[in-house]
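Sequence and predicted structure below; questions after.
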Amino acid sequence: MTFLPKAQGQSALLSRDLLAFYRQVSQSLLTVVDVETTGSLPYRGARVIEVSVLQASLADGILHQETHLINPGIRVPSMITRITGITQTMVSQGPFPEEVWPDCLELLETGVLTAHNLEFDYRFLQSEYRHLEYAFKRPAAEQLCTVLLSRLLLADLPSRSLPNLVQHFEFEVGPSHRAGADTRACWLLAELLLKQIQSEDEAQLLQRFGRQWIRLKDAATILSLPAKTTQQILTEAGIESRFSKRKNRPLYRRGDVEHIWQERSGEQLSLLP
């Protein structure tokens, strides 16, 4: 399988390498996971209060799903209850982590670990297993983040949050921000996009990949240049850019950056004897 770095570094790969990876993944068993938590940062004490694990493949559809409320022994903040609908009473009646996580391990270590914003869920899975003195780790080549895939194939949608994608595609999965519904939504999204990866021809897919907006640091990695030099080259070439909503940092179309990479590679090759 094509080597793929961790989720935050995938945008720095060339489109052809990403396509090879996703075509391999489309033939694989997916293990889709979603967690609901008491906060966003496990290293600050946030814990998982609900987990759902779903296994499926494009060939066979959904093969298995299980969902568990978990009592981590800490308070569920009122804000989390407002978002998820999960109350302290519901959690207090659930099993403790040591009763749930060992039974989930075989599923979670099988297939391609998949989630919408996988980095978030993966971080919590690792934290929960650390509490049980187990080092949970999946190879980067066996991880699939549907946020990253949707950025490649749905670059021009105004939002790629899971609730908005559920609404956009009219997935019938139930209320968002519950692990069971979000896991089913993530699977339906993965199924939809990976079927496109399987069925569309390479030129069409690479053209669609080219519309992805990538960060300056990823563009710099593709060009193997410092970020400041990369920005100067892209600006001088008249490359279209925009600024990210959250951090107000420059973004560039993947296709434009790869076109510059091709030009520079050609120049370098022409200098060879």
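Thanks, I have it.

Now for the residue nearest to residue 154 when sequence neighbours are not counted, how many residues are close by?
Excluding its sequence neighbours, the residue lying closest to residue 154 (Cβ to Cβ, 6 or more residues apart in numbering) is residue 160, at 6.0 Å. Every C-beta, even on glycine, is put in place using the N, C-alpha and C of the backbone. Applying other Cβ atoms under 10 Å, we find 20 residues neighbouring residue 160.

Enumerate every residue touching residue 160.
147, 150, 151, 154 (Cβ atoms under 8 Å, 6 or more residues apart in numbering).

per-residue pLDDT, residue 4?
What the model reports as pLDDT for residue 4 is 53.

before we move on, what about residue 156?
Confidence score, pLDDT, at residue 156: 89.

Next, it: phi, psi?
phi -100, psi 10 (degrees, to the nearest 10).

give the contact list for it.
residue 211.

What separation is there between the residue nearest to residue 154 and residue 38?
25 Å (Cβ to Cβ, to the nearest Å).

hang on, the earlier thing: mind putting the contacts of residue 160 in TSV, secondary structure and neighbour count included?
Listed next are the contacts of residue 160 as TSV, based on DSSP: H, G, I helix; E, B strand; the rest coil; neighbours: other Cβ atoms under 10 Å:
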residue	secondary structure	neighbour count
147	helix	19
150	helix	22
151	helix	20
154	coil	19
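
Identify, from these, the entry nearest to residue 17.
residue 151 (15.6 Å; Cβ to Cβ).

the helices in the chain, which residues?
15-25, 78-84, 88-92, 97-108, 118-131, 146-153, 162-169, 179-199, 202-209, 216-223, 227-236, 254-270 (DSSP state H).

got the angle between the helix or strand of the chain with the lowest mean pLDDT and helix 227-236?
Lowest mean confidence among the helices and strands of the chain (mean pLDDT, DSSP states H and E): helix 254-270, at a mean of 78. Interaxial angle, helix 254-270 versus helix 227-236 (axes from the mean of the first three to the mean of the last three Cα atoms, to 10 degrees): 100 degrees.

Relative to the whole chain's centre, how far out is helix 254-270?
Once both centres are worked out by Cα atoms, centre = their mean, to the nearest Å, helix 254-270 turns out to sit 28 Å from its chain's centre.

Tell me the spacing between the residue nearest to residue 154 and residue 116.
9 Å.

what sits in contact with each of those two?
What both residue 160 and residue 116 touch, as defined by Cβ under 8 Å, 6+ apart, is the set residue 147.

Poorly predicted segments of the stretch 1-150 of the chain, please.
1-11 (pLDDT under 70).

list the contacts for residue 231?
216, 250.

So this structure: which segments form each domain?
What automatic domain parsing lists as the domains of the chain is 7-204, 212-270.

most packed of those domains?
domain 7-204 (a mean of 17; mean count of other Cβ atoms under 10 Å).

so what's residue 209 closest to, chain neighbours aside?
In space, residue 209 is closest to residue 15, 4.2 Å off (Cβ to Cβ, 6+ apart).

can I assume that neighbour is in contact with residue 211?
No - using Cβ atoms under 8 Å, residue 15 is not in contact with residue 211; the gap is 10.6 Å.

Common neighbours of these two, please.
If you check residue 15 and residue 211 against Cβ under 8 Å, 6+ apart, the residues they both contact are 254, 255.

quick one: contacts of stretch 175-192?
In contact with stretch 175-192 (Cβ under 8 Å, 6+ apart) are residues 30, 32-36, 50-54, 56, 58, 62, 65, 67, 83-86, 114-116, 144, 146, 149-150, 162-163, 165-166, 169, 171, 173-174.

quick one, what contacts residue 75?
38, 88.

where's it relative to residue 125, distance?
From residue 75 to residue 125 the distance is 22 Å (Cβ to Cβ).

about what we covered before: just the pLDDT at the residue nearest to residue 154, thanks.
Confidence score, pLDDT, at residue 160: 93.

Quick one: residues contacting residue 91.
49, 69, 70, 71, 72, 76.

Then residue 71?
For residue 71, the contact set (Cβ under 8 Å, 6+ apart) comprises 49, 91, 92, 93, 94, 95, 96, 97.
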